[in-house]
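[1] Sequence and predicted structure, then a few things I'm wondering about:
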Amino acid sequence: MPVTEIDVQTPDGVLDAYVHTPDNAAGSGSPLPVVVFYPDAAGVRPTAHQMAQRLADEGYAVVVVNYYYRQGKVSFNLNTVFADPDARTRIQAALQGAEPALIVRDTALLLDALAGRDDLRADRVGAVGYCRGGNLAFTLAGAVPERIAVAASIHGGSIATEAPNSPHLNADQIQGALYFGVATDDPHCTLEQQELLTTALDKAGVRYELERYDAAHGFAVPDHNGPYDPAAAEHHWDKIIALFARELSR
């Protein structure tokens, strides 16, 4: 797969990210639109790269962000991590070190670095994320609205809560289009939280779609064995591919 690692200096260390491009990108004659890709809580691993490449092959530079970089190049097995006390402690520490406000700051620095490349179009970008990454994609849309043309949150967690830093509180800042793929009976995105979200988005006049999937939290990620749902996953691909084609065309 066409992928290159880039390193970005942040106040807390060096963020590593991975730029996936389509096989036919060389010689295309026009800069590739950028999509920021936030993995789920398992972090950057082969499945994340495979998913990013699938989107990249639609004509984008898809940048997989290691938002755990403060702990190093770490990843987890979601099928076993919460059953192992030591692994559970490590993932909880990694998540605590990846606060959304910090990741937004880091991502802004990443976009600054990408903006200097002639082969990429990084002024107005897309974002997509899964689980914790879905929260980050939505948070990014409200935190740096002038840079985000479109964002997709797939089974995102804590996207609308009573917390003072809940990302839905920035709904009135959002300029881009949004898509939310929400699992049914998801404890990380309850019906009450969905209502809180849509009320804020409607009041702010945000262009969005919220779609409920008859599937479990984690349905779109192939290596999350229990909840992975191939039919639901394919539907989510259809939706986000159409969304980015509409909002982030070359």
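    Perfect, thanks for sending it.
[2] Toward the C-terminus, what is the element adjacent to the helix or strand hosting Pro33?
    Element membership for Pro33 (DSSP states H and E) is strand 32-38. Proceeding N to C from strand 32-38, the next assigned helix or strand is helix 46-56, under DSSP H and E.
[3] how far off helix 46-56 does the following helix or strand past that next one point, in degrees?
    Scanning forward in sequence from helix 46-56 by DSSP H and E, the next helix or strand is strand 61-65. Interaxial angle of strand 61-65 relative to helix 46-56 (axes from the mean of the first three to the mean of the last three C-alpha atoms, to 10 degrees): 160 degrees.
[4] Parallel or antiparallel, list what pairs with strand 61-65.
    strand 13-20 (antiparallel), strand 32-38 (parallel) (DSSP bridges).
[5] which residues are contacting the longest one?
    Contacts of strand 13-20 with the rest of the structure, by C-beta atoms under 8 Å, 6 or more residues apart in numbering, involve 1-9, 37, 44, 49, 52-53, 55-56, 61-66, 69-70, 73, 106, 109-110, 114. C-betas here are computed from N, CA, C, even on glycine.
[6] residues of the helix or strand in which Thr107 is found that come out buried?
    In this assignment (DSSP H and E), Thr107 forms part of helix 100-114. Neighbour-count burial for helix 100-114 flags 100, 103-107, 110-111, 114 (criterion: 16 or more other C-beta atoms under 10 Å).
[7] Which of the strands paired with strand 61-65 has the highest mean neighbour count?
    Burial of those is given as mean neighbour count (mean count of other C-beta atoms under 10 Å); strand 32-38 ranks first at a mean of 26.
[8] Hey, what's the angle from that one to helix 100-114? Just curious.
    Using the same axes, to 10 degrees: strand 32-38 against helix 100-114 is 160 degrees.
[9] what about the helices in the chain?
    Per DSSP state H, the chain carries helices over the ranges 46-56, 85-96, 100-114, 132-143, 191-204, 230-247.
[10] Which secondary structure elements does the longest one sit against?
    The one in question is helix 230-247. Packing partners of helix 230-247 (3 or more C-beta pairs under 8 Å, 6 or more residues apart in numbering; DSSP states H and E): helix 46-56, strand 120-130, strand 148-154, strand 177-183, strand 208-213.
[11] just these: most buried one?
    Each of the helices and strands packed on helix 230-247 was assessed for mean neighbour count using mean count of other C-beta under 10 Å. The highest is strand 148-154, with a mean of 27.
[12] phi, psi of Val144?
    phi -130, psi 60 (degrees, to the nearest 10).
[13] Once you drop chain neighbours, what's closest to it?
    Leaving aside its sequence neighbours, Val144 sits nearest to Ala108 (C-beta to C-beta, 6 or more residues apart in numbering; 5.7 Å).
[14] list the contacts for the residue nearest to Thr80 when sequence neighbours are not counted?
    Nearest non-adjacent residue to Thr80, counting by C-beta to C-beta, 6+ apart: Ala87, 7.0 Å away. Taking C-beta under 8 Å, 6+ apart, we find Ala87 in contact with 76-77, 80-81.
[15] any idea how far Ala87 lies from Leu136?
    To Leu136, Ala87 is 22 Å away according to C-beta to C-beta, to the nearest Å.
[16] And Thr198, by the same measure?
    Distance from Thr198 to Leu136, by C-beta to C-beta: 20 Å.
[17] Put the alpha carbons of the helix or strand bottoming out on mean pLDDT in the chain into PDB.
    Lowest on mean pLDDT, DSSP states H and E among the helices and strands of the chain sits helix 85-96, with a mean of 93. Once non-C-alpha atoms are left out, helix 85-96 reads as follows in PDB (Å, rounded to 0.1, in the frame of the first residue of the first chain):
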ATOM      1  CA  PRO A  85      -5.800  -6.300  34.200                       C
ATOM      2  CA  ASP A  86      -2.400  -5.100  33.100                       C
ATOM      3  CA  ALA A  87      -3.500  -4.400  29.500                       C
ATOM      4  CA  ARG A  88      -6.600  -2.600  30.800                       C
ATOM      5  CA  THR A  89      -4.400  -0.400  32.900                       C
ATOM      6  CA  ARG A  90      -2.300   0.400  29.900                       C
ATOM      7  CA  ILE A  91      -5.200   1.300  27.600                       C
ATOM      8  CA  GLN A  92      -6.800   3.400  30.300                       C
ATOM      9  CA  ALA A  93      -3.500   5.300  30.800                       C
ATOM     10  CA  ALA A  94      -3.200   5.800  27.100                       C
ATOM     11  CA  LEU A  95      -6.700   7.100  26.800                       C
ATOM     12  CA  GLN A  96      -6.200   9.600  29.700                       C
END
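[18] Alright, I will stop here.
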